[in-house]
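Peer 1: Here is my input; please provide its structure:
(chains A, B, C and D)
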2 protein chains.
Amino acid sequence: MSDDTQGEQDTSGSRVTLESVAKRAAVSRQTVSNVLNAPHRVRPMTLQRVHSAIAELGYRPLLAARQLRTQRSRIIGLRLEPVRDGINGAVLDRFLHALTEEAQRGGYRTMLFTAHSDEDEIARYSELLATTSVDAFVLTSTHGGDPRTSWLTRQGVPFVSFGRPWSDTGRLSDTGHSWVDVDNAQGTRAATEYLLSQGHRRIAFLGWPAGSGVGDERREGWRRALSKATAWSASTLVALSAETTDSVEHGAEAAAGLLAAKYRPTAIVCASDSLAIGALSAVAAEPVAVVGFDDTPVAAALGLSSVAQPVERAASDCFELLLGHLGATSAISANRLLKPELVVRRTSPAAAG
Amino acid sequence: MSDDTQGEQDTSGSRVTLESVAKRAAVSRQTVSNVLNAPHRVRPMTLQRVHSAIAELGYRPLLAARQLRTQRSRIIGLRLEPVRDGINGAVLDRFLHALTEEAQRGGYRTMLFTAHSDEDEIARYSELLATTSVDAFVLTSTHGGDPRTSWLTRQGVPFVSFGRPWSDTGRLSDTGHSWVDVDNAQGTRAATEYLLSQGHRRIAFLGWPAGSGVGDERREGWRRALSKATAWSASTLVALSAETTDSVEHGAEAAAGLLAAKYRPTAIVCASDSLAIGALSAVAAEPVAVVGFDDTPVAAALGLSSVAQPVERAASDCFELLLGHLGATSAISANRLLKPELVVRRTSPAAAG
DNA sequence: CAGCTCGATTTTATCGATAAAATCGATCGC
DNA sequence: GCGATCGATTTTATCGATAAAATCGAGCTG
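Peer 2: Modelled structure (predicted):
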């Protein structure tokens, strides 16, 4: 009858409660509770006695009971977004994993839910909060005029967004809530500077239509690096920049357009790995460098150079900020802007000439 | 002071409880509870009165209180695995999303946790169960000699695995628990038969080393389809089959080997999209067809033909089976074997000759 | 019409924890 | 040496729901 896991109690059939531990240690129920929640109040000797009683009986507090009394669940809610193209979805996947792990380490759990729109998501918030199912939220994919952040702020719910708040027009806005984000401009700037250092001069940018915040930032990083290092005029820069929606097909088309234009680039910096993969197929065997963004598994698989986001770091920062909100009653918002890192692979060789 | 969400109550500050609803409807607390949990016991007129009181006050039951009393959480636990190559991870991602959505529809929630090994996962089970944090589990990535299923069965915990139970030797085994799986052999058979119908005869298989269960099944489907339709001898079939670990690089190497061998194949069926992408690069511009497995987003992006698993269906079946276990006290195990579907794209053209 | 059944509802007890107040010695200052 | 102080512990009250038992009245039966 030896069990594989230690502390495998409960042969008697009835649950081990504070009460039974208290009896075993010959103290009151409350003292056992104090041992767990406020050990400084307990005399060392008692502390030890209770601890061993807990260990012997394999006691684990019933979370529902604690939750009922404290009105806290120690659970973090997170919306699981539909898998879009799934290429970039991999970033959120890693984020989710890292956040879950981090939360687990900190005594929290992550609970998922799905929603079909921002409004739907807000309705879920409302439900989860009303039933005290979660204490806080982590938001992803913030975007212009996001109604979620303002709703949560208004309700005074602790939350952190992975992604900065954007205004309707795609500019950064200060809504005063906590966020963690990756410096997109810094990423494309690093990519562009690397290509410059490899002898490239005509470096194009392949990105999304203006107004998306994230996309604009990525373009801006490229633009700044290039205008600082070269003599290209503003209008030439515009000619070196293509815009299209995020997919491999569109990336291929737009890249082909860039290659056929007046200023034929020798390198292309892309706003996403999807676009970059499209660009790769347009480039075919020609010596044109391509760099993607997000360093998704596909990039690694195909040998695509790409800008990697420090996702694990982002997750632990999110949790840290969240803990700050959960501890304090006042809402002091804080931010973290993380540096991405360029991962150089086969697709970004030095310039030919 | 009008709010955006309907039923935005609680201006008073205090929580809406069964008690307050009862007072409003001029009935007892228990009757309100009955309205929610056993409406057949309540007279239609009373039912209606209580219902409108609930609506007016925007009442939502506090889950922790219910959970404390019923010892049920209506939460399903699920281990979030580390993102392996992330290409195939996309399948689990979709599964997780579908399961969460399905559970939500059925009044359940999904809670995540991470673990570093099977033993670690079992320790998490133990903890989650001891604290009554979850009612049931959904397992993924079952494998030979899986200790998790036997532990859960021994403890009498409701669970369903996405993936069949395998013995240590990689054969199917009957451990008597509920599972949902996709018929792998059927998938590769469909792929092979399609290639045959397109005029291909020398169709190779690129898969994983023997002993992995899933991998063996996928090879078997190919073998059966081919030996039924062609005159290849058993030894020739062996020569047409390559084995390597699951990665793009290894796939490229092994595919190159196949192409250089005596029976040069005109088509290659692969055990995964990773291998298939590797094969694609080995094939380069030559007219050799390639089919992958799992229909991951990368496959769609690259125009790779691939065998798609009905992941959403698998998720809803898992939840359905789980509900069966959660309802009944007896443990009647049930299974579902789902048919995958071949998605034909550019990489599987008709045979050249 | 007494007694019984039965549907509808209320009363009582309980789930397992924590907060807040009360208790109880021992120590300390003056 | 007496009240104040303080640390350690216990007592009491409560969180919000549901299960099980009790009640109560209407309708039925013989």
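
Peer 1: what residue ranges in the stretch 101-250 of chain A score low on pLDDT?
Peer 2: Counting by pLDDT under 70, the stretch 101-250 of chain A has low-confidence residues at A:170.

Peer 1: Next to chain B in this structure, residues from it, please.
Peer 2: Applying the criterion Cβ under 8 Å from any Cβ of the partner chain, the portion of the stretch 101-250 of chain A that neighbours chain B consists of A:101, A:104, A:109-114, A:122-123, A:126-127, A:130-133, A:151, A:247-248. To be clear about C-beta, it is placed using only N, CA and C from the backbone, and glycine gets the same treatment.

Peer 1: Can you flag the buried ones in these?
Peer 2: In terms of neighbour count (16 or more other Cβ atoms under 10 Å in any protein chain shown), the buried residues within these are A:101, A:104, A:109-114, A:122, A:126, A:130-133, A:151, A:247-248.

Peer 1: Do a quick rundown of the strands in the stretch 201-350 of chain A.
Peer 2: Residue ranges of the strands in the stretch 201-350 of chain A, as given by DSSP state E, counting those that start in this stretch, are A:203-207, A:241-243, A:267-270, A:289-293, A:305-308, A:335-338, A:341-343.

Peer 1: Reformat the ones you listed as CSV; add distance to DNA strand C and mean neighbour count.
Peer 2: Converted to CSV, those look like this (distance: least, Cβ to the nearest atom of the strand, whole Å; neighbours: other Cβ atoms under 10 Å in any protein chain shown):
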stretch, distance to DNA strand C, mean neighbour count
strand A:203-207, 51, 28
strand A:241-243, 55, 19
strand A:267-270, 52, 33
strand A:289-293, 46, 30
strand A:305-308, 41, 26
strand A:335-338, 30, 16
strand A:341-343, 43, 18
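
Peer 1: Reformat those strands as TSV; add distance to DNA strand D.
Peer 2: Shown next, in TSV, are those (distance: least, Cβ to the nearest atom of the strand, whole Å):
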stretch	distance to DNA strand D
strand A:203-207	50
strand A:241-243	52
strand A:267-270	52
strand A:289-293	47
strand A:305-308	46
strand A:335-338	34
strand A:341-343	48
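
Peer 1: Columns distance to B:Ala285 on top of these, output as CSV?
Peer 2: CSV is the format used below for those (distance: least, Cβ to Cβ, whole Å):
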stretch, distance to B:Ala285
strand A:203-207, 25
strand A:241-243, 27
strand A:267-270, 22
strand A:289-293, 19
strand A:305-308, 23
strand A:335-338, 41
strand A:341-343, 28
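
Peer 1: quick one: whichever residue of the stretch 251-353 of chain A sits closest to chain B from A:Ala98, how far?
Peer 2: Nearest residue of the stretch 251-353 of chain A to chain B (Cβ to the nearest Cβ) works out as A:Pro297 at 2.9 Å. Distance, A:Pro297 to A:Ala98, by Cβ to Cβ, to the nearest Å: 15 Å.

Peer 1: How about A:Leu62?
Peer 2: For A:Leu62, the distance to A:Ala98 under the criterion Cβ to Cβ works out to 29 Å.

Peer 1: For the stretch 51-200 of chain A, what lies in contact range of DNA strand D?
Peer 2: Contact residues, the stretch 51-200 of chain A versus DNA strand D (Cβ under 7 Å from any atom of the strand): A:Ala65, A:Leu68, A:Arg69, A:Gln71.

Peer 1: Report the buried members of the residues you listed.
Peer 2: Buried members of those, counted by 16+ other Cβ under 10 Å: A:Ala65, A:Leu68.

Peer 1: Among the residues of the stretch 51-200 of chain A next to DNA strand D, which ones lie close to DNA strand C?
Peer 2: A:Ala65, A:Leu68, A:Arg69.

Peer 1: A helix includes the second one, no?
Peer 2: What that stands for is A:Leu68. Yes: inclusion of A:Leu68 in a helix is indicated when DSSP: H, G, I helix; E, B strand; the rest coil is applied.

Peer 1: burial count for A:Ile277?
Peer 2: Using other Cβ atoms under 10 Å in any protein chain shown, the number of residues around A:Ile277 comes to 26.

Peer 1: tell me the contacts of it?
Peer 2: Contacts here follow Cβ atoms under 8 Å, 6 or more residues apart in numbering or on different chains; on that basis A:Ile277 touches A:Ile87, A:Val248, A:Gly251, A:Gly292, A:Val298, A:Leu302, A:Leu304, B:Ala301, B:Leu302.

Peer 1: How much space separates it from B:Val248?
Peer 2: As for A:Ile277, its distance to B:Val248 is 13 Å (criterion: Cβ to Cβ).

Peer 1: Pull up the overlap in contacts between these two.
Peer 2: A:Leu302.

Peer 1: per-residue confidence for A:Ile54?
Peer 2: A:Ile54 carries a pLDDT score of 97 in this model.

Peer 1: Could you double-check that it lies in contact with A:Val21?
Peer 2: Yes: at 5.6 Å, A:Ile54 and A:Val21 qualify as touching, with contact defined as Cβ atoms under 8 Å.

Peer 1: thinking A:Leu275 is in contact with A:Thr244, fair?
Peer 2: Yes: contact status for A:Leu275 versus A:Thr244: in contact at 7.3 Å, counting by Cβ under 8 Å.

Peer 1: Overlap in contacts, those two.
Peer 2: Contacts common to A:Leu275 and A:Thr244, judged by Cβ under 8 Å, 6+ apart, are A:Leu206, A:His250, A:Gly251, A:Ala254.

Peer 1: Looking at these, which is nearest A:Ala351?
Peer 2: Checking those against A:Ala351 by Cβ to Cβ gives A:Leu206 as the nearest, at 17.9 Å.

Peer 1: which residues touch the closest one?
Peer 2: For A:Leu206, the contacting residues are A:241-242, A:244, A:251, A:254-255, A:258, A:268-271, A:275-276, A:279, taking Cβ under 8 Å, 6+ apart as the criterion.

Peer 1: Without its sequence neighbours, what residue ends up closest to it?
Peer 2: Distance criterion Cβ to Cβ, 6 or more residues apart in numbering or on different chains; nearest residue to A:Leu206, sequence neighbours excluded, is A:Cys270 at 4.6 Å.

Peer 1: so that neighbour makes contact with A:Gly292?
Peer 2: Yes: under the criterion of Cβ under 8 Å, A:Cys270 is in contact with A:Gly292, at a separation of 5.2 Å.

Peer 1: Need the residues touching each of these two.
Peer 2: Taking Cβ under 8 Å, 6+ apart as the contact rule, the neighbours common to A:Cys270 and A:Gly292 are A:Ala276.

Peer 1: Quick check on A:Leu275 and A:Thr244: which one has the bigger neighbour count.
Peer 2: Just comparing A:Leu275 and A:Thr244: by other Cβ under 10 Å the higher neighbour count belongs to A:Leu275, 30 against 20.

Peer 1: residues contacting that one?
Peer 2: So, once contact is read as Cβ under 8 Å, 6+ apart, A:Leu275 ends up touching A:Leu206, A:Gly207, A:Thr244, A:Asp246, A:Ser247, A:Val248, A:His250, A:Gly251, A:Ala254, A:Ala255, A:Gly292.
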